[in-house]
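Colleague: just coords:
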């Protein structure tokens, strides 16, 4: 099968895209070739491409890192530094196509965010599917014989140009197809140069005597700057013309003044770029007046923007080329079809110099029109006009909804501002390009500014009464906040509104933008469609109207109550207003007990943060309007969210104060308890350390010497009950007690559990009791003097001490006293256990009295 044979028919062979030959097109006759020879290659390509697209369309997201992507992670890249160089080379063995596509699927499916949709790639409709396949066919057709390729390319680009010329009312246009808008504006500048200076190729830029370009300040100059850099023209050649103060469009009077200044400075006015809905707010420049200015100065007039799509809606014949020299069409964005080229329609120039700008005139500007050629046929003229008409109608309806909503200010172009006619009337009237663009608004941009409309009656008294009623509504004559003095806060409110609308109205592609003059605003453009997206339906519009009204009502209530909120907080004794730069709610307050502000040390700040954190947790159980926040000073505060008109600010603040004081009292109890526990731990530590030291000296050092201690313990075993007693904290009495009763009775003994003992005996008093009232005073460990006969009573001072209050009870050390060589310690013979008699047991306690034991006997504490 030869290359010449394969180029006979169109690339698309399905019945949906077959096109009857144009009788007006003169094509040299060619020999007929069997259709099977042509369709085999293209059909196989279409099948394989469809299979790949379907596989990618069904890929689901995954958090598993795809193999071979380790180098993309910096942390993992450090781990791979020690790997051999062979792992970074192309594999020596070939891979089958299925494995390669599987690797591609893994790369597409990987994500590190849980908020991404289930399918990373959007679904494809029939038109989008055909447009993507066309790019594969372009690469395939580029291998045709040069003569056959020229014939196919001219046929495809010629058909697309004629179809677009008819759709956009541009008679006998020339065209070029570009990958982006920057390339299109570069081509436009070259066209303007060649039209103004036919000898440009010979003389170069100096022949133009410093060219100048004019663009509105509403339109970004980035693309024009790109063209200047490519052509070696200084950026100062771009002149930014201010907007008109009333209409927001290019000020024609200032444009004429700037042209006169440039001509006087020996510069060459070359190009004017008209804004037809390309700006953020969709303003429409006056093309008729711009045409007159350009005609007078012999300049090229170029138009760009979404408003140009309205030309397709016009039903009567017209000639836009009488007004414009060129215009850029972004059909991929307007129709929601991927990868369609940017089309530049312009007046034809009979100058061979234009071909000098092309590296390959066949492939660079012509063959990439195949995706457009197939998509236009798949849609049809009727469907294209209907889609664009629905988009403009959607904008008009959104404009009406937003303009009727109290508190909303519409910033974008007003449909029919100059003529007062609707789009439906204009498209059926005789063709008028300026009236058409004026009636078709491609963008709706609005913001909440808190403005209210008070209806004025026939008398001045009724108007004054309405104003007074509005002021009383805010509370005590306090007026709602105004945007003039609170611009940053209103920006946060609009950001919140935009996020809410994005959540509640997913069929609308709302975006929150920063306007250089008006601040944050919400923008919607139905002509900036993504892959497979369609304009919203009538049900979606009704849902949007309800959502906007409901949330704007919340915003109105919030700014109404915020003035009262600030006034009450400033007059509060324990509440302090906290600035929250990123918070859109009513505001933030901090509960500060009286006297704390003068003692804000680091420890006091920590306690204050803890107090407000507990306060927020307590408030959340009452109302979800409260949340935890942090001020610019790093301290915690209570954030108030959005409120409604029925909200009572005084009640909310009183609730914060009441709960704050309650939390403060509770924290005092907890602080007291924590202090008791802390002191108890300190007392236990001191008791155990002192008791351990006493035991060491009573038992003798030799028992604790390695090897020697084992022999000594074998020769003179220590008492079984000589271990150090544990400690427990009695929170009721604030006393640290020894734990022998707990281990003996397997319960904590209190007065309430005394009846569980035999004969209702009172629980034994712990052997060691250390009060927490005076933690610095060490507990008393009484000693017992030796009594002849091996028995006796405690010393009088010990008995007196035993009858004292429990808060002064002493402790004791258990265990027999070991002596070296049978000699007793020089200070005392032994230490006996002294017990204090608690107040509950009284003098008639059945606790046995203290009995002194001999050196060789063990003392049974229990």
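Modeller: Cool, got the structure. Quick caveat, the model's predicted, so the values are computed rather than measured.
Colleague: and residue 324, how many neighbours?
Modeller: Neighbour count for residue 324, taken as other Cβ atoms under 10 Å: 23. Where C-beta positions appear, they are placed from N, C-alpha and C, glycine not excepted.
Colleague: my guess is residue 736 contacts residue 685. True?
Modeller: No. Contact status for residue 736 versus residue 685: not in contact, 10.1 Å apart, counting by Cβ atoms under 8 Å.
Colleague: what about those two, which has more around it?
Modeller: With neighbours defined as other Cβ under 10 Å, residue 736 and residue 685 compare such that residue 736 has more, 27 against 11.
Colleague: does the more buried one count as helix, strand or coil?
Modeller: strand (DSSP: H, G, I helix; E, B strand; the rest coil).
Colleague: tell me the spacing between it and residue 214.
Modeller: 90 Å (Cβ to Cβ, to the nearest Å).
Colleague: same thing with residue 241?
Modeller: From residue 241 to residue 214 the distance is 6 Å (Cβ to Cβ).
Colleague: mutual contacts of the two, please.
Modeller: Overlap of the contact sets of residue 241 and residue 214 (by Cβ atoms under 8 Å, 6 or more residues apart in numbering) consists of 255, 258.
Colleague: what ranges do the strands span in the stretch 551-700 of the chain?
Modeller: 575-578, 587-591, 626-630, 636-640 (DSSP state E, counting those that start in this stretch).
Colleague: mind putting these into a markdown table with mean neighbour count and mean pLDDT?
Modeller: Output for the strands of the stretch 551-700 of the chain, formatted as a markdown table (neighbours: other Cβ atoms under 10 Å; pLDDT from 0 to 100):
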| stretch | mean neighbour count | mean pLDDT |
| --- | --- | --- |
| strand 575-578 | 19 | 91 |
| strand 587-591 | 24 | 90 |
| strand 626-630 | 19 | 89 |
| strand 636-640 | 25 | 91 |
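Colleague: possible to save these as TSV with distance to residue 143?
Modeller: Shown next, in TSV, are the strands of the stretch 551-700 of the chain (distance: least, Cβ to Cβ, whole Å):
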stretch	distance to residue 143
strand 575-578	70
strand 587-591	68
strand 626-630	64
strand 636-640	66
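Colleague: of the ones you listed, which is nearest residue 447?
Modeller: When those are compared by Cβ to Cβ, strand 587-591 sits nearest residue 447, at 20.8 Å.
Colleague: what about residue 177, how many neighbours?
Modeller: Using other Cβ under 10 Å, residue 177 has 24 other residues around it.
Colleague: can you count the residues close to residue 713?
Modeller: Other residues close to residue 713 by other Cβ under 10 Å number 15.
Colleague: mind checking how far it is from residue 691?
Modeller: Remark: distance between residue 713 and residue 691 (Cβ to Cβ) = 20 Å.
Colleague: do the same with residue 245
Modeller: 91 Å.
Colleague: and the two? Which one has more around it.
Modeller: A count of neighbours by other Cβ under 10 Å puts residue 691 above the other of residue 245 and residue 691, at 22 against 7.
Colleague: gap between the more buried one and residue 717?
Modeller: Residue 691 sits at a distance of 21 Å from residue 717 (criterion: Cβ to Cβ).
Colleague: now do residue 158
Modeller: Distance of residue 158 to residue 717, computed by Cβ to Cβ: 116 Å.
Colleague: and if you look at residue 292?
Modeller: Distance, residue 292 to residue 717, using Cβ to Cβ: 122 Å.
Colleague: just residue 596 next, same as before
Modeller: From residue 596 across to residue 717, the span is 62 Å (Cβ to Cβ).
Colleague: do residue 128 as well
Modeller: According to Cβ to Cβ, residue 128 stands 95 Å off from residue 717.
Colleague: these two: which is more packed in?
Modeller: Neighbours were counted for residue 128 and for residue 717 using other Cβ under 10 Å; residue 128 has more, 23 against 12.
Colleague: that one touches residue 337, doesn't it?
Modeller: Yes. Counting by Cβ under 8 Å, residue 128 touches residue 337, with 5.6 Å between them.
Colleague: in the strand ranked longest in the chain, what counts as buried?
Modeller: Assignment by DSSP state E gives strand 268-275 as the longest strand of the chain. Within strand 268-275, the residues scored as buried using 16 or more other Cβ atoms under 10 Å are 268, 269, 270, 271, 272, 273, 274, 275.
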